[in-house]
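K.L.:
My questions are about this predicted structure, shown below with the sequence.
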Amino acid sequence: MAIDSDSKPMRSESDAYLPPELERLIFIYAFRDRTQAPTNLFLVAKRIKEWLLPIAFEVVLIHTHRYFPIKFTTIPKFKQYGHHIRHLLITAPLSDYPTPELTNVLDECLSLCPNIINLALWCRRPSIRLESLFNLSQLTCLSMDIEHLIKIITDQATQSQTSGPSLPPGLFPKITHLDAIGMYFQAHTAETQTTTLAHHFPSLTHIAVLNWTVNQPGIVRMILHKSSNLKALVWWNPITAQGDLGLRLDAEETLPVDDERIVAVVSSRVMDWENAARGIGMGMWDFADMVLEKRRVERTRRVVDDETRST
């Protein structure tokens, strides 16, 4: 570094210099390359850490254990970095039932993450207050025990008839992608379930259901019919062969209804969810869209070929 007569630092031709925006992009790409420990880049400079913190907390996965023991370790981090979180996955063993502590911690976590667009709660009957979901104004993708959520909605609607304000229609107008785990569609409940979904999730374009929870053609047609904007019904099988980590079409699945909007997939779930959230792989929804686009192109090609042959 050269010094001029006014003692101000001047860059010599040998000094490396990059525009700040280009330097920022380089560090972001390096941070996303997880072959090395990415948090080491925080130590380079304060400005680098400020660039990378939003990305570091953009996707958060929390694998919990019995009694949801994340209170003392997670809440302080959420208070500091929760506004950066855009994709949040919380899992708990199916053997763990909800506790009052679970409700309080889960509600507090969500209250500290106002910018979530993609929320997955993979736990048995998650005890959550509706207000916690209402406050996520940017939420467009939800994966949770929807049958339990509908029960919460129904209970609150019943309560509001006797006291308190009534629930407005279309509780989740921005949610377009719904992974309805834990929802068992049966003949005597399907009409109510599908009506409730269409009523409170009016913007749905994609629904995913576990393949063995919907086994009657009439119910499948009901799901397809009730959601007027539906583009894809993902029929997923969570069982994969040992060592098989690929998201793929389920060639062995026999679909109950012949409808081009149905896409049967085998998914490794957590890995697929994380890869899609981080933008480093294709998740269930993107995969379904790819399959549907391929079908559309093939259908268009067949139409063109038929018209060509008829002329």
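P.N.:
Received the coordinates, thanks. Numbering: from 1, shown residues only.
K.L.:
contacts and neighbour counts: CA atoms only from here.
P.N.:
Fine.
K.L.:
Now do the helices in the protein.
P.N.:
20-32, 46-56, 71-81, 100-111, 130-134, 146-162, 190-200, 217-226, 270-278, 284-310 (DSSP state H).
K.L.:
possible to save those helices as CSV with mean neighbour count, mean pLDDT and distance to A264?
P.N.:
Below are those laid out as CSV (neighbours: other C-alpha atoms under 10 Å; pLDDT from 0 to 100; distance: least, C-alpha to C-alpha, whole Å):
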stretch, mean neighbour count, mean pLDDT, distance to A264
helix 20-32, 13, 78, 31
helix 46-56, 15, 79, 32
helix 71-81, 14, 67, 36
helix 100-111, 18, 75, 32
helix 130-134, 14, 82, 29
helix 146-162, 15, 77, 20
helix 190-200, 18, 83, 20
helix 217-226, 17, 83, 13
helix 270-278, 18, 87, 15
helix 284-310, 14, 89, 8
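K.L.:
Between these, which one is closest to V234.
P.N.:
Smallest distance to V234 across the helices of the chain (C-alpha to C-alpha): 6.9 Å, for helix 284-310.
K.L.:
That closest one to helix 270-278, inter-axis angle?
P.N.:
80 degrees (axes from the mean of the first three to the mean of the last three C-alpha atoms, to 10 degrees).
K.L.:
follow-up on the earlier one: and the helices of the chain: which comes nearest D258?
P.N.:
helix 217-226 (9.4 Å).
K.L.:
Just the C-alpha atoms of the closest one, please, in PDB.
P.N.:
Provided in PDB are the C-alpha atoms of helix 217-226 (Å, rounded to 0.1, in the frame of the first residue of the first chain):
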ATOM      1  CA  PRO A 217     -61.300 -43.100  -5.600                       C
ATOM      2  CA  GLY A 218     -64.400 -41.100  -4.500                       C
ATOM      3  CA  ILE A 219     -62.400 -39.300  -1.800                       C
ATOM      4  CA  VAL A 220     -59.500 -38.500  -4.200                       C
ATOM      5  CA  ARG A 221     -62.000 -37.000  -6.700                       C
ATOM      6  CA  MET A 222     -63.500 -35.000  -3.800                       C
ATOM      7  CA  ILE A 223     -60.100 -33.500  -3.000                       C
ATOM      8  CA  LEU A 224     -59.400 -32.700  -6.600                       C
ATOM      9  CA  HIS A 225     -62.900 -31.200  -7.000                       C
ATOM     10  CA  LYS A 226     -63.200 -29.100  -3.800                       C
END
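K.L.:
Mind splitting the chain into its structural domains?
P.N.:
18-56, 58-304 (automatic domain parsing).
K.L.:
what about these, which gets the closest to T311?
P.N.:
Across these, closest to T311 is domain 58-304 (C-alpha to C-alpha), at 10.8 Å.
K.L.:
got the end-to-end distance for that closest one?
P.N.:
45 Å (C-alpha to C-alpha, to the nearest Å).
K.L.:
How far away from the center of its chain is it?
P.N.:
7 Å (C-alpha atoms, centre = their mean, to the nearest Å).
K.L.:
hang on, the earlier thing: and the domains of the chain as a markdown table, adding distance to S310?
P.N.:
Below are these laid out as a markdown table (distance: least, C-alpha to C-alpha, whole Å):
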| stretch | distance to S310 |
| --- | --- |
| domain 18-56 | 53 |
| domain 58-304 | 10 |
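K.L.:
tell me which residues in stretch 258-265 are buried?
P.N.:
R261, I262, V263, A264, V265 (16 or more other C-alpha atoms under 10 Å).
K.L.:
can you put those in CSV and add pLDDT?
P.N.:
Compiled in CSV, the buried residues of stretch 258-265 are given as follows (pLDDT from 0 to 100):
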residue, pLDDT
R261, 90
I262, 89
V263, 90
A264, 87
V265, 87
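K.L.:
between those, which is nearest V291?
P.N.:
Scanning these for proximity to V291, where the rule is C-alpha to C-alpha, the winner is V263, at 7.4 Å.
K.L.:
how about the nearest residue to the closest one, chain neighbours excluded?
P.N.:
Nearest residue to V263, sequence neighbours excluded (C-alpha to C-alpha, 6 or more residues apart in numbering): V234, at 4.9 Å.
K.L.:
Hmm, the one you found is touching A264, no?
P.N.:
Yes: contact criterion C-alpha atoms under 8 Å: V234 and A264 qualify, at 6.0 Å.
K.L.:
Determine which residue lies closest to the centroid of this structure.
P.N.:
For the chain, N118 is the residue whose C-alpha lies nearest the centre (C-alpha atoms, centre = their mean; 3.8 Å).
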